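Participant: model the structure of this input:
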Amino acid sequence: MGSEGPTTPITTIHVTGFKKFHGVSENPTETIANNLTEYMNKKGLPKGLVIGSCSILETAGQGALVPLYQRLQSAIIAKDSQSSNSNRIIWLHFGVNSGATRFAIENQAVNEANFRCPDEMGWKPQKVPIVPSDGGISRTRETSLPVEEMTKALAEKGFDVMVSDDAGRFVCNYVYYHSLRFAELNGIKSLFVHVPLFVTINEETQMQFAASLLEVLASIP
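Facilitator: All right, here's what the predicted structure looks like:
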């Protein structure tokens, strides 16, 4: 039997979480990103899915842009060096909402940095555009992924999950805006997901959610 590799579409997902930040000494997304590859290998990766990388971002805006873009660009370089059947790249960013009681699939990011407290590098912008060349602070960018369909699929798997149109105005929104802009310019996709603290939804359930999310992403035509 011949290999069916060239005809099997491959989805490569790159995952990020965040380090600790003001008020959150242990960020659940750092644990999720650090453990996801091993967790998926034990569970079994869905057909056609590759985890390209899992990395942890500083919980910072402007001061962390260089490493963020290095990570984003690395996915494009890897794609160019691989065979043409790796035809879809998705950046999946996890962030924590310490006040949340359920998972939130973020539909969009807003071109506004308005930090309630300084980030981990001491920056505290107030109502300024994230990318000035994009226009004013009311400009939004939406993910090209079908968030309603994905949320429904995850809810059917038993998770308490919602669609959100407000990723805040702190570092999560800042990173998501840059990622969505980069994705549009490079023909890839980006998604941000907010998770609660582990005291609200335990670690095992959150790992199951992350694994199910990957399965849903892999199944999108």
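
Participant: use CA for all of it now, contacts and neighbours both
Facilitator: Fine.

Participant: tell me the contacts of the spatially most central residue of the chain?
Facilitator: Nearest residue to the geometric centre of the chain (C-alpha atoms, centre = their mean): His93, 1.6 Å. By C-alpha atoms under 8 Å, 6 or more residues apart in numbering, the contact set of His93 is Val15, Thr16, Gly17, Tyr176, Ser190, Leu191, Phe192, Val193.

Participant: how about the residues you listed in JSON lines, adding pLDDT?
Facilitator: Listed next are those as JSON lines, based on pLDDT from 0 to 100:
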{"residue": "Val15", "pLDDT": "97"}
{"residue": "Thr16", "pLDDT": "96"}
{"residue": "Gly17", "pLDDT": "96"}
{"residue": "Tyr176", "pLDDT": "98"}
{"residue": "Ser190", "pLDDT": "97"}
{"residue": "Leu191", "pLDDT": "98"}
{"residue": "Phe192", "pLDDT": "98"}
{"residue": "Val193", "pLDDT": "98"}
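
Participant: sort out for me which of those residues are in helices.
Facilitator: Using DSSP state H, the members of the contacts of His93 that fall within helices are Tyr176.

Participant: which two among the contacts of His93 are spaced furthest apart?
Facilitator: Farthest-apart pair in those is Gly17 and Ser190; separation 13.8 Å (C-alpha to C-alpha).

Participant: just to revisit the earlier point, who wins for neighbours among the contacts of His93?
Facilitator: Neighbour tally across the contacts of His93 (other C-alpha atoms under 10 Å): the maximum, 29 neighbours, falls on Tyr176.

Participant: ok, Leu145 touching Leu191?
Facilitator: Yes: in this structure, Leu145 is within contact of Leu191 by C-alpha atoms under 8 Å, at 7.4 Å.
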